[in-house]
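Asker: fold the following, please.
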Amino acid sequence: MSSAPLDRITIEPNVPATSCVVWLHGLGDSGDGFAPIVPELKLPQNHAVRFVFPHAPQQAVTINQGYVMRSWYDIKSMDLHSRADMDGVLESEVKVKALIKEQIDSGIPACNIILAGFSQGGVVGMFTGLRYPEKLAGIMALSCYLPNADALPEQLSEANSDTAILQQHGDNDEVVPLSAGKMANSLLKKKNYPVKWQTYPMAHSVHPTQVRDIATWLVAQLKLA
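Answerer: Numbers count the residues shown, from 1 in each chain. Down below sits the predicted model:
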């Protein structure tokens, strides 16, 4: 992967931003895929939340016959224990940390930044957030799993040991099995992370009720009410 900063879509609030949500898309998608969710969240009119939707780099993906697409890491097999290319996960972590630093340099403290992601983006977001050295406002992990499958990442951050985590998953997910999300949830609970688990009657997608629940959680974590 290139060391260049990630291209992204940035949606600014109507007032100067004091908090930020960095939202990572899934395999083969782009930042355009989730950007339209911002008005659907129906956040308070005067909210000061900047939304950043980065585009993953283009790379060959093994399970898709080596086809080049936007991907946060290579997926080598459908087996959960060998699915994620850890070198790629670590490279994406560096890029996401650079995005967070941009926000901090712009005046938004880490404690006002939420890392969110769907599917592959959720894997990278959760991995990065659990290891990030400064306290974050929250971690939102949608329809995803841990890259180590049945183990939490190494070098967990003490600063984020009590950071709120929202995990959401579809009951009928055919891409990332519900069991994969539950495995991550169990590991987080054993480590006493304040994790909230919610499921929805959906496949590997986003549900209208879920969008309302995301909005409620964002309002609480960013103290927007």
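Asker: so what's S82 scoring on pLDDT?
Answerer: You'll see S82 listed with a pLDDT of 68.
Asker: just the buried residues of the longest helix seen in the chain, please?
Answerer: Of all the segments of type helix in the chain, defined by DSSP state H, the longest one is helix 86-105. For helix 86-105, a neighbour-count test (16 or more other C-beta atoms under 10 Å) marks G88, V89, E91, S92, E93, K95, V96, L99, I100, E102, Q103 as buried. (Glycine included, C-beta is placed from N, CA and C.)
Asker: out of the residues you listed, which is nearest to G117?
Answerer: Ranked by distance to G117 (C-beta to C-beta), the buried residues of helix 86-105 are led by V96 at 9.0 Å.
Asker: what residue of the chain is the furthest out?
Answerer: Centroid-distance maximum for the chain: Q65 at 25.7 Å, with C-alpha atoms, centre = their mean.
Asker: report the separation between that residue and L41.
Answerer: 37 Å (C-beta to C-beta, to the nearest Å).
Asker: now do the phi/psi pair for A116.
Answerer: Here is the backbone geometry of A116 (degrees, to the nearest 10): phi -130, psi 150.
Asker: pull the number of nearby residues for it.
Answerer: With neighbours defined by other C-beta atoms under 10 Å, the count for A116 comes to 27.
Asker: could I get the contacting residues of it?
Answerer: Residues near A116 by C-beta atoms under 8 Å, 6 or more residues apart in numbering: V21, V22, W23, L24, G122, G125, I139, M140, L142.
Asker: in helices only, show me these.
Answerer: Among the contacts of A116, DSSP H puts G122, G125 in helices.
Asker: any idea which of the contacts of A116 is closest to D162?
Answerer: The closest of the contacts of A116, once distances to D162 are taken by C-beta to C-beta, is I139, at 11.6 Å.
Asker: and the closest residue to that closest one other than its chain neighbours, what does it touch?
Answerer: Distances taken as C-beta to C-beta, 6 or more residues apart in numbering place G129 nearest to I139, at 3.8 Å, with adjacent residues excluded. G129 sits next to L115, L136, I139, N160, T163, I165 when contact means C-beta under 8 Å, 6+ apart.
Asker: now do the strands in the chain.
Answerer: Remark: strands assigned in the chain by DSSP state E are 8-11, 19-24, 49-54, 58-61, 67-70, 113-118, 138-142, 165-170, 195-200.
Asker: including mean pLDDT, could these go into a markdown table?
Answerer: As requested, these are arranged in a markdown table below (pLDDT from 0 to 100):
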| stretch | mean pLDDT |
| --- | --- |
| strand 8-11 | 98 |
| strand 19-24 | 98 |
| strand 49-54 | 98 |
| strand 58-61 | 95 |
| strand 67-70 | 96 |
| strand 113-118 | 98 |
| strand 138-142 | 98 |
| strand 165-170 | 98 |
| strand 195-200 | 98 |
